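1. Pasting the sequence and the predicted model now:
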Amino acid sequence: MELQKSPSPPQPQAPEGCLVVALRIPLRVLTFLVVLPVRLAWDALGVVLEFLWRYLVAPVGRVTGWVLYGLYRYLLAPLGRALVWMYVHVLTPVGHALRWLLAPVGRALVWLGGLLACGLRAILRGIGAALYWTGRILLVLPALALWRWVLKPVWRVVAVVAREIGAALGHAWRVAGRVARAVGRVIGTLFRWIFVEPARWAYRTVLTPVGHVVRDLVLRPVAGAARVAGRATRQVLAAVRESARQARADLGRMLFGTPRKPEPVGRREPSGPETRTLERSTTPLTKD
């Protein structure tokens, strides 16, 4: 048993009439000239709409959603619950009471309305039959004749023209899209040739060598001179600080005299051969 059915043979197409052949080429040329600016405007409109959607409509929609959610949660939902409570606890009992009061009156009115309805039904039935046959004779039969002998042939011609116009519009739209893409590529190429390539050539051929020359002849000597000047400045500042320190010390000796030297403090461990070492197991403090 075969799992897949064999493809059905293609159906032969009906031969096209002379009207179709005569209308096709002029319609396609005319629709292409009409559709080309429309397609260019359509592509530009698509770009603008995408920008507006991303940076205007979507944020506004999110804010509107938050506002609607807050309105529903904090206003509409409590109001709905209040209305439900009123319906259950107020309107329903009132409705039951009115039903018990008005039921007899309603039954009497229904009976009277039934009699009137029967009489009106008979009258309207006769009027409807008369209007039906009058309308059929005066309107329907002439309309059927007009459709069969006039409008139907004209409709066939209009359908052929509309089909060819639709096919021409589709073909022109596709060709206009290709032309629009080609125009975009040409504009991009011209932009690259007019702006990008000259700027790249100027940067590579002019600015880079000039930058190297400025760096080698100006910036590096200036930086070396700045380093030398900084080193000399640091040395001068160090000498000034040393001179100031010496001046402060001389002034202090002149005013307060020479400070006393600290006396040596006696050590608990004696110096000399009796000093504790790592090789000896006893110390002068523990020695008998």
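-> Thanks, I have it. The structure presented is a predicted model; accordingly, all values stated were derived computationally and were not measured.

2. Low-confidence regions, the stretch 1-150 of the chain specifically.
-> Low-confidence segments of the stretch 1-150 of the chain, defined by pLDDT under 70: 1-21.

3. Do you know the pLDDT at residue 194?
-> pLDDT for residue 194: 91.

4. Count residues in the vicinity of it, would you?
-> For residue 194, the neighbour count with other Cβ atoms under 10 Å is 10. Every C-beta, even on glycine, is put in place using the N, C-alpha and C of the backbone.

5. Quick check: residue 196 vs residue 186, distance?
-> Noted for residue 196: a distance of 15 Å to residue 186, by Cβ to Cβ, to the nearest Å.

6. same thing with residue 226?
-> Noted for residue 226: a distance of 53 Å to residue 186, by Cβ to Cβ.

7. And for residue 150?
-> On the measure of Cβ to Cβ, residue 150 and residue 186 end up 52 Å apart.

8. cool, and residue 203?
-> For residue 203 relative to residue 186 (Cβ to Cβ), the value is 25 Å.

9. start to end distance for stretch 140-157?
-> End-to-end distance for stretch 140-157: 24 Å, by Cα to Cα, to the nearest Å.

10. for it, the distance to its chain's centre please.
-> Mean-position distance between stretch 140-157 and its chain equals 53 Å (Cα atoms, centre = their mean, to the nearest Å).

11. Just give me the neighbour total for residue 218.
-> 10.

12. Can you check the pLDDT for it?
-> At residue 218, the model reports a pLDDT of 82.

13. The lengthiest helix in the chain: what's the following helix or strand?
-> In the chain, taking DSSP state H as the definition, the longest helix is helix 92-135. From helix 92-135 onward toward the C-terminus, using DSSP states H and E, the following helix or strand is helix 141-146.

14. Only the C-alpha atoms, please, for that following helix, written as PDB.
-> The C-alpha trace of helix 141-146 is given here as PDB (Å, rounded to 0.1, in the frame of the first residue of the first chain):
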ATOM      1  CA  LEU A 141     -39.100  40.500 -12.800                       C
ATOM      2  CA  PRO A 142     -37.600  43.700 -14.400                       C
ATOM      3  CA  ALA A 143     -34.500  43.400 -12.100                       C
ATOM      4  CA  LEU A 144     -34.000  39.700 -13.100                       C
ATOM      5  CA  ALA A 145     -34.200  40.700 -16.800                       C
ATOM      6  CA  LEU A 146     -31.800  43.600 -16.300                       C
END
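
15. after that helix, next one along is what?
-> Using DSSP H and E, the next helix or strand after helix 141-146 towards the C-terminus is helix 152-191.

16. who does that following helix touch, helix- and strand-wise?
-> In terms of contacts (3 or more Cβ pairs under 8 Å, 6 or more residues apart in numbering; DSSP states H and E), helix 152-191 is packed against helix 18-52.

17. Just want the angle from the helix it packs on to helix 152-191.
-> Angle of helix 18-52 versus helix 152-191, following axes from the mean of the first three to the mean of the last three Cα atoms, to 10 degrees, is 50 degrees.

18. To which secondary structure element type does the residue nearest the centre of the chain belong?
-> Nearest to the geometric centre of the chain sits residue 54, at 3.2 Å (Cα atoms, centre = their mean). When classified by DSSP: H, G, I helix; E, B strand; the rest coil, residue 54 comes out as helix.

19. One more: residue 230?
-> Assigned with three-state DSSP, residue 230 falls in the helix class.
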